[in-house]
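# Could you look at this predicted model? Sequence included:
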Amino acid sequence: VQKYTSLCSASRAFGAACPYAGVVLLHPFRDLSIVLGPWFPFKGQFGYYFARFSFYLEHGSTCIGSVTLSGSIPTLWLADAQAIKTIATETAIFQKDVVAYETLNIYGPNMVGTEGADWKRHRKVANPAFNEEIIFLFGLITFSDVIVQASNAFVWMETVRVANEWFAEMDAKTKPDSSITIDAPQYLVQATLLVVASAGFGRRASWKENSSTTPPAGHKLAFRAAVSIALEHLFFRALTPKWIHALSIRVRLPFLGHALAETRESFEALRLHMVELVSLSRAWVVGGKVSNMDAGLLRNLVEANMTQEDDVHHKKLTDDELLSDIFTFLLAGHETSAHSLSFAVGLLALYPAVQQKIYKETMRIWPDGCPTSASPSSYKEYFPKLQYTLATFHETLRLFTPVARLSKIAHADTTLTAHRFTPGLDVVTPFDVPVRAGSMVVIDVLALHMNPMYWGHDVEDFRPERFVDTETYRWPRDAFFGFSGGPRSCIGQRFALAESVCMLASLVRRYEILVPKHLAGKSFSEQKRTLLKWKPGVTVTPTDCVVRLKRRDV
Ligand code: HEM
């Protein structure tokens with residue numbers, strides 16, 4: 001009776017104007033929901049992961065109320081740009097549900113999973129490395145020779161290097177005049193990991209070196225293997241109680257024993273790699289030296305770790321926080337970009353007309369072929385000239401945003417403004433929704449990106465032009481939440497855009513991207529269903545994005 005009463009009370013929290021969808025059985029950001037996401041709630045049930053804007057359309061509202069079974073938490077689901085902007089900017093009221101981020105706290109607290117003063121400290125330490133104007137990355141041996149370079153220029157340069165090494169490997173495997181079929185995410189995960197490890201942490205490995213599975217001396221796993229196996233086991237580690245992990249060290253457990261050992265070994269192997277990077281950077285800091293191993297982000301984190309406790313700028317990071325920040329930057333800095341780039345590649349195979357426009361754009365700036373490390377291409381000069389490539393990447397993020405949902409908890413009573421609409425959107429009316437302290441708000445990013453109020457009636461279509469400003473049109477910034485928004489927005493947004501635009505442009509300049517042979521005779525809708533299929537994971541993950549690359553003549 002008590003449960004029933006609390007559920008009823010929670011269901012009345014949003015006032016009469018807000019449609020109510022009922023009780024949601026699993027908390028959408030905790031417990032089993034992270035692994036059951038692809039299957040539960042079932043299709044048609046409220047909260048279904050792949051529903052996009054359909055529930056909002058059904059209710060004629062950009063916000064829908066529900067209640068979680070466990071905890072009877074009033075939960076407001078939103079696909080409304082105005083309400084979401086309020087949530088993102090009013091950070092004193094709407095804060096992260098830090099418990100939902102505990103999965104990431106393997107090595108300790110970090111920037112992504114903290115709030116308030118702790119988060120500010122992490123962000124303050126890392127910020128200068130992402131500030132285009134301030135950052136300097138040192139390229140030579142002595143202080144007098146310091147090269148001052150914008151961070152994105154360095155990201156661009158590293159992307160050019162990695163792309164060329166990748167292309168060289170593919171070309172070596174392909175006969176002239178023939179094509180190569182690749183699993184796009186597999187290669188792009190490798191590429192983006194190399195870029196973030198180098199531009200962020202000074203680990204400048206070659207493509208070949210990174211492909212090797214042989215662990216370097218003193219390690220049980222190679223760097224790339226350690227990262228990918230650890231990520232594969234992230235949810236498993238989070239969902240198995242700590243005592244089982246502790247017990248498995250002493251006793252061989254049936255069924256779970258192998259997975260537990262693999263999980264433990266991969267996180268330990270990754271820890272060793274991170275400690276090695278930290279030791280190198282510490283030595284440079286102590287010696288007052290600079291080198292190209294001394295990337296800005298790592299140096300900032302290490303200096304904050306070495307600083308005294310009572311430092312006036314309150315920038316101290318503990319040993320655990322240092323390792324945990326490195327881990328989250330490695331994770332957040334490569335999987336998101338790799339998966340988005342994979343979807344972009346899949347879309348370009350399906351939409352040759354869009355690909356042709358990118359190709360023409362790249363031909364204008366690189367008539368003699370894509371840039372190489374020997375013929376340096378400058379971020380400052382070329383990035384602004386790749387507007388259509390950038391628009392294509394934004395449109396990919398609109399349709400396949402890596403972080404599909406975000407949640408915040410209201411820490412005070414407040415009100416949000418959402419909208420009611422008629423089916424053809426002829427009438428759109430604002431209305432106020434009361435939000436009680438303790439309620440959860442779900443920023444339904446995929447639904448926001450599919451809301452025709454902002455994106456027009458062709459929301460389902462892949463049309464990069466919608467991200468190109470003209471004299472009479474400005475794309476709706478507030479309705480795009482691919483990098484989140486407000487003070488908690490993605491710190492690596494400009495990093496990701498520089499890297500992705502450079503990678504996409506180089507790829508299209510060098511190869512024609514085609515659907516794979518096994519899909520060539522199928523209908524367009526079947527090709528699309530296969531190539532763009534995804535499942536929820538740490539980020540939205542493409543599952544069958546296999547494409548064919550044919551080297552262009554020039
Ligand atoms: C296409 C690529 C990317 C996308 C779509 C993306 C998206 C996002 C989103 C939606 C958030 C908010 C997450 C939340 O509140 O829980 C976020 C946060 C974050 N991202 Fe990214 N990201 C990308 C690339 C990167 C890169 C390249 C880096 C670092 C090199 C990075 C580092 C971070 C960090 C550290 C945070 C936490 C910021 C904070 O809480 O203050 N991201 N990202």
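In hand now; what should we look at?
# Would you mind naming what in the protein lies close to the ligand?
111-112, 123, 196, 200, 328-329, 332-333, 336-337, 340, 397, 402-403, 406, 482-484, 488, 490-492, 495-496 (CB under 6 Å from any ligand atom). (Glycine included, C-beta is placed from N, CA and C.)
# For ChimeraX, write a command that selects the buried ones of these.
To isolate the buried members of the residues of the chain next to the ligand in ChimeraX, using 16 or more other CB atoms under 10 Å:
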select :111,112,196,200,328,329,332,333,336,337,340,397,402,403,406,482,483,484,488,490,491,492,495,496
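# Then residue 188 would be within a helix, right?
Yes: counting by DSSP: H, G, I helix; E, B strand; the rest coil, residue 188 is found in a helix.
# residue contacts, it?
When contacts are counted by CB atoms under 8 Å, 6 or more residues apart in numbering, residue 188 touches 337, 338, 339, 341, 342, 345, 503.
# Can you classify the nearest residue to residue 476 once chain neighbours are set aside by secondary structure?
Closest residue in space to residue 476, ignoring its immediate chain neighbours: residue 454 at 4.5 Å, by CB to CB, 6 or more residues apart in numbering. Three-state call for residue 454 (three-state DSSP): helix.
# re earlier: restricted to helices, list the contacts of residue 188.
Mapping the contacts of residue 188 onto helices (DSSP state H) picks out 337, 338, 339, 341, 342, 345, 503.
# Next one: residue 152, what pLDDT does it get?
Turning to residue 152, the model gives it a pLDDT of 86.
# and the residue in the stretch 101-250 of the chain positioned nearest to the ligand, how far is that from residue 432?
Residue nearest to the ligand within the stretch 101-250 of the chain (CB to the nearest ligand atom): residue 112, separated by 4.4 Å. Using CB to CB, to the nearest Å, residue 112 is found at 32 Å from residue 432.
# And for residue 77?
With CB to CB as the criterion, residue 77 and residue 432 are 17 Å apart.
# Of those two, which one has the most company?
Shown here are residue 77 and residue 432; by other CB atoms under 10 Å, residue 77 has more neighbours (28 against 13).
# That one belongs to a strand?
Yes: looking at residue 77 with three-state DSSP, it is inside a strand.
# Tell me who's in contact with residue 178.
Counting by CB under 8 Å, 6+ apart, residue 178 has contacts residue 550.
# And residue 116, by the same measure?
Here residue 116 is in contact with residue 95 (criterion: CB under 8 Å, 6+ apart).
# I'd like the distance between it and residue 91.
9 Å.
# just residue 3 next, same as before
For residue 3 relative to residue 91 (CB to CB), the value is 33 Å.
# quick one: which of the two has more around it?
residue 91 (17 against 10).
# which SS state does the more buried one fall under?
Per three-state DSSP, residue 91 ends up coil.
# Correct me if wrong: it contacts residue 488.
Yes: applying CB atoms under 8 Å, one finds residue 91 in contact with residue 488, separated by 6.9 Å.
# Tell me the secondary structure of residue 65, please.
Under three-state DSSP, residue 65 comes out as strand.
# Poorly predicted segments of the stretch 301-450 of the chain, please.
309-313, 376-377 (pLDDT under 70).
# Count residues in the vicinity of the nearest residue to residue 91 once chain neighbours are set aside, would you?
The spatial neighbour of residue 91 that comes closest, neighbours along the chain excluded (CB to CB, 6+ apart), is residue 487 at 5.7 Å. Each residue near residue 487 was counted by other CB under 10 Å, and the total is 11.
# cool, and residue 296?
The tally of other residues near residue 296 (other CB under 10 Å) stands at 24.
# Indicate the residue of the stretch 251-400 of the chain located nearest to the ligand.
For the stretch 251-400 of the chain, CB to the nearest ligand atom, closest residue to the ligand: residue 333, 3.0 Å.
# no, scratch that, I was asking about the chain
For the chain, CB to the nearest ligand atom, closest residue to the ligand: residue 492, 2.2 Å.
# Which phi and psi values does that residue adopt?
phi -100, psi 20 (degrees, to the nearest 10).
# Assess the claim that it and residue 332 are in contact.
Yes: counting by CB under 8 Å, residue 332 is a contact partner of residue 492 at 6.7 Å.
# quick one on the thing from earlier: per-residue pLDDT, the residue nearest to residue 91?
Value listed for residue 487 in the pLDDT field: 96.
# Is it in a helix, a strand, or coil?
helix.
# thinking it is in contact with residue 90, fair?
No: the criterion here is CB under 8 Å, and residue 487 misses it with residue 90 at 10.3 Å.
# tell me the contacts of residue 197?
203, 204, 205, 223, 330.
# wait, which of the residues you listed is closest to residue 36?
The closest of the contacts of residue 197 to residue 36 turns out to be residue 330 (CB to CB; 26.5 Å).
# can you list contacts of the helix or strand containing that closest one?
Here residue 330 sits within helix 319-332, counting by DSSP states H and E. Contacts with helix 319-332, where a contact means CB under 8 Å, 6+ apart, come from 104-113, 122, 125-126, 193, 196-197, 200-201, 227, 231, 270-271, 274-275, 277-278, 297-298, 301-302, 304-305, 317, 490, 492, 538.
# Check those for burial and list the buried ones.
104-113, 122, 125-126, 193, 196-197, 200-201, 227, 231, 270-271, 274, 277-278, 297-298, 301-302, 304-305, 317, 490, 492, 538.
# that older thread, please give the element, helix or strand, for the residue of the stretch 101-250 of the chain closest to the ligand.
With DSSP H and E as criterion, residue 112 is part of no helix or strand.
# Skipping adjacent residues, who's closest to it in space?
residue 328 (5.0 Å).
# next one: residue 90
Using CB to CB, 6+ apart, the nearest residue to residue 90 is residue 414, at 7.5 Å.
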